[in-house]
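Peer 1: for reference, the sequence and a predicted model appear below.
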Amino acid sequence: MLQAVSTSLLPYQCEFPISSSRGVLFSMVSTPSGLAEWFCDDVSLRNGVYTFVWGEDVATASLVGMKRDEWIRFHWLSGMPTSSDAYFEFKIATDAMTGDHSLQITDYAEADEREEAQELWEAQIDKLRHILGA
């Protein structure tokens, strides 16, 4: 007899150094136009719901919270594996000694998909760096 395997989403974090000002970087992770440049093919915002488009795939997310030039957090509503606790967050960290910025990403994935999810973020961040000229 086959038993259903219960899978759950687990949080993970990635951090990427990015040569950019806080304001420009925040605009790239928080505005529909900025996100559409590197994160997906298109983004629209209507009634507080962000719609993300990757080719034929569409997902929606709500804005959970943000602090300008510091962090922004979204919660997937549809189109992605969801959990009531799951979110994805972009946080801009600044090294106190050097003043260099990094983008910290918190996301959720199933344990057996974590490596693939991190590789996807690495590819997306490479695109972001290229757009920023970093």
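Peer 2: Sure, I can see it. Computed from a prediction, not measured in an experiment: that's the story for all the values here.
Peer 1: what residue ranges in the chain score low on pLDDT?
Peer 2: Across the chain, the ranges flagged by pLDDT under 70 are 1-7, 79-84.
Peer 1: where along it do the helices fall?
Peer 2: 22-30, 32-38, 114-132 (DSSP state H).
Peer 1: okay if I get those as JSON lines plus mean neighbour count and distance to Y12?
Peer 2: Glycine gets a C-beta too; all of them are placed from N, C-alpha and C. Formatted as JSON lines, these follow (neighbours: other Cβ atoms under 10 Å; distance: least, Cβ to Cβ, whole Å):
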{"stretch": "helix 22-30", "mean neighbour count": "18", "distance to Y12": "18"}
{"stretch": "helix 32-38", "mean neighbour count": "17", "distance to Y12": "20"}
{"stretch": "helix 114-132", "mean neighbour count": "14", "distance to Y12": "6"}
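Peer 1: what's the closest of those helices to L63?
Peer 2: helix 22-30 (8.8 Å; Cβ to Cβ).
Peer 1: now for that closest one, which elements pack on it?
Peer 2: Counting contacts by 3 or more Cβ pairs under 8 Å, 6 or more residues apart in numbering; DSSP states H and E, helix 22-30 packs against helix 32-38, strand 71-78, strand 88-94, strand 101-110, helix 114-132.
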